[in-house]
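Asker: here is my input, please return the structure:
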Amino acid sequence: MSVLRNGIEIFPLMLEAIRQARFSVDFLTFVYWKGEVARQFADGLTERASAGVRVRVILDAIGALKMSKTLIERMRAAGVDVVWFRPLARWKLWELDNRTHRKVLVCDSQTAFTGGVGIAEEWEGDARNPDEWRDTHFQVEGPAVHGLQAAFLDNWVEAGQSVHDDVAQLAHAEALKPVGKSQVQVVKTTAAANWSPIATLFHVLLTLARHKVRITTAYFVPNAAMVQLLKETVQRGVDVQILVPGPHHNHRMAQLAQEDEYAPLIQAGVRMWAYQPSMLHAKAVTVDDTVACVGSANFDQRSMSKDDELALVILDEVVLSELDRHFEEGRTHAIEMRAEDYRQRGLLRRARAAVAGLFRNQT
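Answerer: Numbers count the residues shown, from 1 in each chain. Alright, predicted model coming up:
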């Protein structure tokens, strides 16, 4: 398993994997917007389909709403199977609020990628300025690839597509051999009435923590039960540190929705930092130098109950060390948040936070 940081590392490897594919490319994404990288992915997928490779693409109907229709038409003309996940024109209106937030690329059923990155110019570069978002993605080989492909097929079936060929292929395929030392469990989740497997996973990790917890998340909007669990974790003597976006947050509503909880959490002993250079979009939780949870899920209500998400639970000292190093480096570009800053907010800001709090289940 390889940890990839920012578009400068992530996109070249993903594009190269697409170009090297000989049999199949399965690609699922929530965000597909605009920019040079959007064109590059469309070019790579189109070229492979034209060369006879089976190329399947799932786009979330809301997340990829900004995508150029020209790119979609060009991919389809080349033979790419492009489907929309839960299109807006549907009779099951209650499903419109439940999206697929998963990010999956699987090439030849041998190499896979997942994490937080979307396909848009915002992710290009190396988080050097506000126009270049900070994110983390992962390249996966070995048996865990099957879990990522299962997450793709899960959404592929819901989109009304057949998996007959996949079933036949898997029945005769040889098991993937382990690659490297990482032990990886793939956890996929869908919308849930109460807590999803992702929420349960976060709960278990916090409950089992004995020394330290590091949380990096783009959207930090835990419910009351999770806020209480964070406080209890600190009360057990665990060092809990959280890195969240700062001034360049792309969803101000989500940022405002949790402000009322910042002061109580910080007063309870949770240490929090606001990342300054650009939008922080990475998602990672590390516990006690022992286990990491990474993938597409944020520490918010959408990821824990509304959206289809994907997480990797990893046991690998090298991966954990790298993720913790990224966290520490992120803190050097962040400002530690103080309880008094949120207790002394002006009336207008308090009012905005109160209004945002009414929609916290949507953030």
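
Asker: let me see the ranges of the strands in the stretch 1-150 of the chain.
Answerer: 2-5, 24-29, 54-60, 81-85, 104-107, 111-115, 136-141 (DSSP state E, counting those that start in this stretch).

Asker: contacts for the fourth one, please.
Answerer: Outside strand 81-85, the residues within contact range by Cβ atoms under 8 Å, 6 or more residues apart in numbering are 54-61, 64, 72, 75-76, 99-100, 155-156, 158-161. All C-beta atoms are positioned from the backbone trio N, CA, C, and that covers glycine.

Asker: sheet-wise, list the partners of it with their directions.
Answerer: Note on strand 81-85: by DSSP bridges, its sheet partners are strand 54-60 (parallel).

Asker: and the strand it pairs with with strand 24-29, angle?
Answerer: Here the directions of strand 54-60 and strand 24-29 differ by 10 degrees (axes from the mean of the first three to the mean of the last three Cα atoms, to 10 degrees).

Asker: name the residues that touch strand 54-60?
Answerer: 23-32, 45, 48-49, 67, 72, 75, 79-86, 99-101, 152, 155-156, 159, 161.

Asker: at 6 Å what do you get?
Answerer: 24-28, 30, 32, 45, 48-49, 80-85, 99-100, 155 (Cβ atoms under 6 Å, 6 or more residues apart in numbering).

Asker: thinking again about what came up before, deepest in the core, which of the strands of the stretch 1-150 of the chain is it.
Answerer: strand 104-107 (a mean of 26; mean count of other Cβ atoms under 10 Å).

Asker: related to what we said a few turns ago, to residue 37, which of the strands of the stretch 1-150 of the chain lies closest?
Answerer: Closest to residue 37 of the strands of the stretch 1-150 of the chain is strand 24-29 (Cβ to Cβ; 11.7 Å).

Asker: quick check: buried residues in stretch 223-238?
Answerer: For stretch 223-238, the buried set under the neighbour-count rule, 16 or more other Cβ atoms under 10 Å, comprises 223, 226, 227, 229, 230, 231, 233, 234, 238.

Asker: for residue 227, see how far away the residue nearest to the first one when sequence neighbours are not counted is.
Answerer: Nearest residue to residue 223, sequence neighbours excluded (Cβ to Cβ, 6 or more residues apart in numbering): residue 301, at 6.3 Å. Computed with Cβ to Cβ, to the nearest Å, the distance linking residue 301 and residue 227 is 12 Å.

Asker: now swap in residue 249 and tell me
Answerer: Distance from residue 249 to residue 227, by Cβ to Cβ: 20 Å.

Asker: next: residue 303.
Answerer: 15 Å.

Asker: where along the stretch 251-363 of the chain do the strands fall?
Answerer: 271-275, 284-287, 291-295, 299-300, 309-315, 334-336.

Asker: would you list those strands in a markdown table and tack on mean neighbour count and distance to residue 264?
Answerer: Formatted as a markdown table, the strands of the stretch 251-363 of the chain follow (neighbours: other Cβ atoms under 10 Å; distance: least, Cβ to Cβ, whole Å):
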| stretch | mean neighbour count | distance to residue 264 |
| --- | --- | --- |
| strand 271-275 | 20 | 12 |
| strand 284-287 | 24 | 21 |
| strand 291-295 | 25 | 24 |
| strand 299-300 | 25 | 16 |
| strand 309-315 | 23 | 27 |
| strand 334-336 | 15 | 16 |
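
Asker: nearest to residue 208, out of these?
Answerer: strand 284-287 (6.9 Å).

Asker: now for that closest one, which elements pack on it?
Answerer: Packing contacts for strand 284-287, counted by 3 or more Cβ pairs under 6 Å, 6 or more residues apart in numbering; DSSP states H and E, involve strand 212-216, strand 291-295, helix 317-332.

Asker: report pLDDT for residue 271.
Answerer: pLDDT recorded at residue 271 is 97.

Asker: that one reaches residue 241, doesn't it?
Answerer: Yes. Counting by Cβ atoms under 6 Å, residue 271 touches residue 241, with 4.8 Å between them.

Asker: hmm, back to that, for the buried residues of stretch 223-238, give me a markdown table that also has pLDDT, distance to residue 39 and secondary structure.
Answerer: A markdown table is the format used below for the buried residues of stretch 223-238 (pLDDT from 0 to 100; distance: Cβ to Cβ, whole Å; DSSP: H, G, I helix; E, B strand; the rest coil):
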| residue | pLDDT | distance to residue 39 | secondary structure |
| --- | --- | --- | --- |
| 223 | 88 | 40 | coil |
| 226 | 93 | 40 | helix |
| 227 | 93 | 42 | helix |
| 229 | 96 | 44 | helix |
| 230 | 97 | 42 | helix |
| 231 | 97 | 47 | helix |
| 233 | 98 | 45 | helix |
| 234 | 97 | 47 | helix |
| 238 | 98 | 46 | coil |
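
Asker: so which of these is the closest to residue 262?
Answerer: When the buried residues of stretch 223-238 are compared against residue 262 (criterion: Cβ to Cβ), the nearest one is residue 227, at 10.3 Å.

Asker: not counting its neighbours along the chain, what's nearest that closest one?
Answerer: Going by Cβ to Cβ, 6+ apart, residue 227 has residue 261 as its nearest residue, at 5.5 Å.

Asker: quick one on the thing from earlier: export the helices and strands packed on strand 284-287 to JSON lines and append columns for distance to residue 137.
Answerer: Formatted as JSON lines, these follow (distance: least, Cβ to Cβ, whole Å):
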{"stretch": "strand 212-216", "distance to residue 137": "13"}
{"stretch": "strand 291-295", "distance to residue 137": "9"}
{"stretch": "helix 317-332", "distance to residue 137": "12"}
